[in-house]
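Asks: Whatever this is, show me its structure:
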Amino acid sequence: PAYAMRGILLVLVALLSYTLAQLPSSKPHIIYILADDLGYGDVGFHNSTIPTPTLDGLARNGITLENYYVQPTCTPSRAALHTGRYPIRYGLQSGVLGWDQPYGLNLDEVTLPQRLRDAGYATHLVGKWNLGHCAWQYTPRSRGYDSFYGCYGPAQDHYTHSFNGGYDFRFNEDVDHSVNGRYSTAILAERVQSILQEYEVKQDSEKKPLFILLSLLAPHSPMQAPKKYVDMIPSHAAKTDGRRLYEASVAAIDEAVANVTAALQVRDMWDDTLLIFSADNGGVPEQSREPGPRGGAGINWPLRGGKFTLYEGGVRAVGLVSGPVVPPSVRGTVSRHLFHMTDWFPTLTGLAGMHQHDAAKPLDGVDQWGALLGGVSARSEVLLSIDTIEKTAALRQSNWKIITGSQNYHFWYPPPGLHGGMALSTKADEDTFSIPAYPDVPHVSSTSSFPSSGVRLYDVEADPHEEHDLSATHPDIVERMLARLQTYNATVVPPLVRPGDFAARPQFWDGIWTPWLEHC
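Replies: Next up, the predicted model:
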């Protein structure tokens with residue numbers, strides 16, 4: 001036993017030494033670019049015809065994440081990124097936080113920018129927040145960001161920066177009307193360039209490593225893009241105007257990323273930079289007929305489903321890590337290790353010299369730096385969701401994935417011209433499934449067990465397109481994974497979702513979406 005224990009300790013020491021040896025010699029600049037509603041199949045390195053040469057180049061010279069999971073909608077994904085904790089821990093697991101809803105990310109949750117600022121970083125949010133603005137203490141500069149340039153709400157017109165009768169664009173706490181009429185992706189990229197320029201002229205003693213979250217509003221609806229990008233997109237008999245505008249907005253994102261990387265290079269900052277590109281959830285397929293602000297024109301092909309669903313098309317996202325901080329030995333590689341949005345918190349704070357055990361609350365995320373650089377997988381399980389309002393849940397364990405409850409839509413949505421662009425279904429598809437409930441969740445009716453008709457099981461390594469439900473032939477795996485979901489369910493904080501507050505309406509605030517309460 002003593003020899004065995006010594007052997008285990010030697011292995012752990014070796015792994016720790018390997019990880020430490022791969023850490024950057026100094027704290028890197030961290031540029032995290034988050035695309036809004038980008039489809040899995042809408043980048044060149046996933047075989048899209050959309051021109052994304054910059055993103056493709058970053059993938060070729062970095063690490064592409066091919067088992068990378070996020071939440072099915074905007075607010076839960078941003079919450080997971082900012083806290084390193086599953087959204088079920090604090091009630092942000094359900095839906096998207098609207099402009100007039102009187103709640104937000106709980107004030108006792110420590111955020112990623114707060115931790116990085118404690119580590120000596122200057123922190124900047126450029127773009128979409130969507131974690132609450134009912135009172136000022138919920139807004140970005142009270143949650144760890146030194147500066148904020150962007151919008152509080154979930155979406156807006158990309159030129160007027162208004163939605164539902166209210167204007168929503170700020171520089172720090174001040175309403176900024178100067179951007180009215182200018183395209184969102186362009187002005188956000190320009191703001192990042194301004195931050196880099198400000199950094200360049202500082203005295204060396206004043207310079208801190210940068211953390212910039214460039215939280216883009218595109219390609220989220222409404223489908224809009226400048227004409228020069230639309231002209232880059234070939235027309236196609238099977239391509240709608242909405243899809244062409246969507247593709248143009250992705251081309252605009254690619255150019256914005258090019259401008260940011262060029263600005264880093266010209267200021268001799270690129271060599272010290274780690275760049276992350278990620279989608280917040282899957283795209284909304286045009287054929288899914290999601291109306292209004294839920295609409296879109298994204299393609300997640302060949303994955304099933306899309307945003308709002310727990311199929312792979314909704315929760316498996318585009319992701320890459322690039323920049324010179326990535327060691328040459330792993331550039332151009334594909335990581336198939338399980339990775340979740342919560343993992344960025346401990347991974348990035350670890351690169352900043354902080355330790356996970358110092359976190360104020362237990363993290364669900366794990367430090368993935370060693371795994372990214374060729375080490376062993378850091379996790380074998382990802383909780384994808386437990387939503388007690390929608391009465392759905394999903395869990396990934398190793399190669400297995402279980403889904404319970406009815407999803408918003410069930411089909412596969414191919415690119416224009418492929419299979420006629422029509423949604424594809426199989427005999428196994430049904431419009432609705434029986435909906436299981438979870439025991440001991442306040443305000444939600446429950447049953448003593450999960451009905452088998454509401455459960456689907458997939459081997460997503462062998463069947464990444466989720467075509468073959470194996471729940472009937474693997475009841476032991478179903479039982480084990482449902483039991484694990486029940487364990488998570490015992491820790492669920494009921495969703496904070498509340499009706500909109502009429503007092504928040506812009507007509508009471510000079511046409512502005514703004515914090516309207518002293519306390520939420």
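
Asks: All the strands of the stretch 251-400 of the chain, residue numbers only.
Replies: 273-279, 319-322, 333-335, 339-340, 381-387, 392-397, 400-404 (DSSP state E, counting those that start in this stretch).

Asks: again, but for the stretch 1-150 of the chain
Replies: Under DSSP E, counting those that start in this stretch, the stretch 1-150 of the chain gives strands at 29-35, 63-65, 68-69, 122-128, 147-151.

Asks: out of these, nearest to Glu467?
Replies: strand 68-69 (19.3 Å; C-beta to C-beta). (Glycine included, C-beta is placed from N, CA and C.)

Asks: And the helices in the stretch 201-350 of the chain?
Replies: 227-230, 241-266, 312-315, 344-351 (DSSP state H, counting those that start in this stretch).

Asks: can you list the ones you listed in JSON lines and add mean pLDDT and distance to Leu395?
Replies: JSON lines is the format used below for the helices of the stretch 201-350 of the chain (pLDDT from 0 to 100; distance: least, C-beta to C-beta, whole Å):
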{"stretch": "helix 227-230", "mean pLDDT": "97", "distance to Leu395": "39"}
{"stretch": "helix 241-266", "mean pLDDT": "97", "distance to Leu395": "31"}
{"stretch": "helix 312-315", "mean pLDDT": "98", "distance to Leu395": "11"}
{"stretch": "helix 344-351", "mean pLDDT": "98", "distance to Leu395": "20"}
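
Asks: Could you single out the most deeply buried of these?
Replies: helix 312-315 (a mean of 31; mean count of other C-beta atoms under 10 Å).

Asks: any low-confidence regions in this protein?
Replies: 1-25, 288-294, 419-453 (pLDDT under 70).

Asks: residues contacting the residue lying closest to Asp501 once chain neighbours are set aside?
Replies: Distances taken as C-beta to C-beta, 6 or more residues apart in numbering put Pro102 closest to Asp501, at 4.8 Å, once the chain neighbours are dropped. When the contact criterion is C-beta atoms under 8 Å, 6 or more residues apart in numbering, the partners of Pro102 are Cys134, Arg498, Asp501, Ala504, Leu517, Cys520.

Asks: same deal with Asp168?
Replies: Trp99, Cys151, Tyr152, Gly153, Gln156, His161, Ser162, Ile512, Trp513.

Asks: and of those residues, the nearest to Gln224?
Replies: Gln156 (10.4 Å).

Asks: ok, back up a step: same list (the helices of the stretch 201-350 of the chain) but as CSV, adding distance to Leu112.
Replies: Putting those into CSV (distance: least, C-beta to C-beta, whole Å) gives the following:
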stretch, distance to Leu112
helix 227-230, 31
helix 241-266, 19
helix 312-315, 20
helix 344-351, 5
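
Asks: looking at those helices, which is closest to Leu214?
Replies: helix 241-266 (7.0 Å).

Asks: Hey, what's the angle from that closest one to strand 122-128? Just curious.
Replies: 160 degrees (axes from the mean of the first three to the mean of the last three C-alpha atoms, to 10 degrees).

Asks: so which of the strands of the stretch 1-150 of the chain gets nearest Thr75?
Replies: Here strand 122-128 is closest among these (C-beta to C-beta), at 10.2 Å.

Asks: So which residues make contact with that closest one?
Replies: Counting by C-beta under 8 Å, 6+ apart, 34, 36, 74, 78, 113, 116-117, 140, 144-151, 153-154, 184, 188, 191-192, 195, 199, 208-217 sit against strand 122-128.

Asks: what's the angle from that strand to strand 147-151?
Replies: Going by the same axes, to 10 degrees, strand 122-128 makes 10 degrees with strand 147-151.

Asks: neighbouring strands for strand 122-128, and are they parallel or not?
Replies: Strand pairing for strand 122-128, determined by DSSP bridges: strand 147-151 (parallel), strand 210-215 (parallel).
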